[in-house]
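K.L.:
after the sequence you'll find the predicted model.
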Amino acid sequence: MTVALATEQGIAAVDLIAESPLAIRGMTVSYGEKPAVFSVDMTVAEGAMTAIIGPNGAGKSTLLKAALGVIKPLAGQATVFGASLKTQRARIAYVPQRASVDWDFPTRVLDVVMMGLYRELGLLRRVRAHHIDKATDCLDRVGMADFADRQIGQLSGGQQQRVFLARALAQGADLYLLDEPFAGVDAATEKAIISVLKSLIDEGKTVVAVHHDLATVTEYFDHVFLINTRKVAEGPVSEAFTSGNLIAAYGGRLATAQIDQLDLAAG
Ligand code: ADP
Ligand code: MG
């Protein structure tokens with residue numbers, strides 16, 4: 001019966017959105033006349049590492065910011081674990097693109113990580129020994145425990161990035177959104193970050209990262225989301241990371257020789 005079938009499919013579609021750590025529907029964002037993100041749907045797979053991929057200016061950062069309510073979309077909405085963003089904020093950790101944070105203001109590394117504990121600290125902001133222990137543990141996970149007393153502004157870009165990841169870990173979130181976590185970091189930091197992200201996946205958490213190095217997509221990620229203002233494709237790397245989708249997203253900005261060197265899915 002057509003009616004019953006249609007209803008069942010309708011319910012199945014709703015369930016998928018309800019279970020997703022992040023479901024974006026009809027998201028359109030504009031800074032001026034031309035939209036930066038146009039009518040984008042995204043359904044993030046739980047317990048997976050998803051790469052958001054697309055050329056410079058494709059709207060990757062904008063999509064994340066709109067999903068988080070940092071900027072107001074023209075249209076569309078996002079749900080987090082099937083509920084409104086407002087009620088789920090504590091479950092999301094966001095590491096913005098590094099260049100967007102100005103750390104001239106003197107702040108100790110440990111205090112940056114403590115910011116991730118602000119919900120636990122409560123209104124009085126009373127710091128207890130176990131809070132410091134927890135923040136120190138998080139620094140240890142990213143290999144930065146020895147830097148706890150340093151000023152954040154005195155660290156290298158890669159070291160700063162690890163500290164921001166430690167702050168996200170301190171939050172104990174279920175969904176981690178990172179905007180180009182590997183941009184401008186040294187190889188050792190990239191290794192340290194990817195191993196922490198993989199350990200989050202082992203704990204059942206969900207990770208979404210804007211990623212620009214196509215050569216490491218297959219090694220690092222389970223899922224991809226390709227965007228160029230509009231969504232180009234999304235799905236498991238083995239299905240969606242194809243030369244056709246890359247050409248659709250990047251156009252002439254990717255040379256055939258570059259594509260030939262990638263570990264791509266068939267199709
Ligand atoms: P990506 O992260 O994929 O490189 P962005 O989301 O940063 O892309 O930017 C998408 C488009 O929106 C680009 O054309 C960019 O120039 C523009 N844009 C981004 N942020 C702003 C802003 N604050 N004001 C005006 N235009 C912006
Ligand atoms: Mg960006």
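P.N.:
Structure received. No experiment lies behind these values; they were computed from the predicted model shown. Ligands and ions are numbered 1, 2, ... in the order given.
K.L.:
what ranges do the helices span in the stretch 1-150 of the chain?
P.N.:
Using DSSP state H, counting those that start in this stretch, the helices of the stretch 1-150 of the chain run over residues 2-19, 60-67, 85-88, 109-114, 118-121, 129-141.
K.L.:
same question for the stretch 151-267 of the chain.
P.N.:
Using DSSP H, counting those that start in this stretch, helices in the stretch 151-267 of the chain cover 157-170, 187-202, 217-220, 237-240, 243-250, 256-260.
K.L.:
buried set for the fourth one?
P.N.:
Judged by neighbour count (16 or more other CB atoms under 10 Å), helix 237-240 contains these buried residues: 237, 240. In short, each C-beta sits where N, CA and C put it, glycine included.
K.L.:
so how far is stretch 159-171 off the chain centroid?
P.N.:
In terms of CA atoms, centre = their mean, to the nearest Å, the centre of stretch 159-171 is set 13 Å apart from its chain centre.
K.L.:
low-confidence regions, this protein specifically.
P.N.:
1-18, 99-104, 123-124 (pLDDT under 70).
K.L.:
give me every residue in it lying close to ligand 1.
P.N.:
31, 36, 54, 56-62 (CB under 6 Å from any ligand atom).
K.L.:
closest one of those to ligand 2?
P.N.:
Ser61 (3.2 Å; CB to the ion).
K.L.:
thought Ala209 was touching that closest one, still the case?
P.N.:
No - counting by CB atoms under 8 Å, Ser61 sits too far from Ala209 to count as a contact (11.7 Å).
K.L.:
between those two, who's got more neighbours?
P.N.:
Neighbour totals were compared for Ser61 and Ala209, and Ala209 leads with 24 against 20 (other CB atoms under 10 Å).
K.L.:
contact partners for the more buried one?
P.N.:
Contact analysis of Ala209 by CB atoms under 8 Å, 6 or more residues apart in numbering lists 49-52, 177-181, 197, 221.
K.L.:
change it to 7 Å
P.N.:
51-52, 178, 181 (CB atoms under 7 Å, 6 or more residues apart in numbering).
K.L.:
turn the residues you listed into a markdown table, including neighbour count and distance to ligand 2.
P.N.:
A markdown table is the format used below for those (neighbours: other CB atoms under 10 Å; distance: CB to the ion, whole Å):
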| residue | neighbour count | distance to ligand 2 |
| --- | --- | --- |
| Ala51 | 25 | 13 |
| Ile52 | 28 | 9 |
| Leu178 | 24 | 11 |
| Pro181 | 25 | 12 |
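K.L.:
now those in CSV, with distance to Leu169?
P.N.:
Converted to CSV, the contacts of Ala209 look like this (distance: CB to CB, whole Å):
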residue, distance to Leu169
Ala51, 20
Ile52, 21
Leu178, 12
Pro181, 13
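K.L.:
picking that back up, buried deepest among the helices of the stretch 151-267 of the chain, which one?
P.N.:
Comparing the helices of the stretch 151-267 of the chain by mean neighbour count (mean count of other CB atoms under 10 Å), helix 157-170 comes out on top with a mean of 23.
K.L.:
next, the angle helix 187-202 makes with that helix.
P.N.:
20 degrees (axes from the mean of the first three to the mean of the last three CA atoms, to 10 degrees).
K.L.:
counting by contacts, list what helix 157-170 packs against.
P.N.:
strand 92-95, helix 109-114, helix 129-141, helix 187-202 (3 or more CB pairs under 7 Å, 6 or more residues apart in numbering; DSSP states H and E).
K.L.:
quick one: closest of those to ligand 2.
P.N.:
Among those, strand 92-95 sits nearest to ligand 2 (CB to the ion), with 12.5 Å.
K.L.:
who does Ile92 form a beta bridge with?
P.N.:
Leu175 (DSSP bridges).
K.L.:
count of neighbours near it?
P.N.:
Neighbour count of Ile92, defined by other CB under 10 Å: 21.
K.L.:
could I get the helices and strands packed on helix 157-170 in a markdown table, plus columns for distance to Gly244?
P.N.:
Output for the helices and strands packed on helix 157-170, formatted as a markdown table (distance: least, CB to CB, whole Å):
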| stretch | distance to Gly244 |
| --- | --- |
| strand 92-95 | 31 |
| helix 109-114 | 42 |
| helix 129-141 | 39 |
| helix 187-202 | 27 |
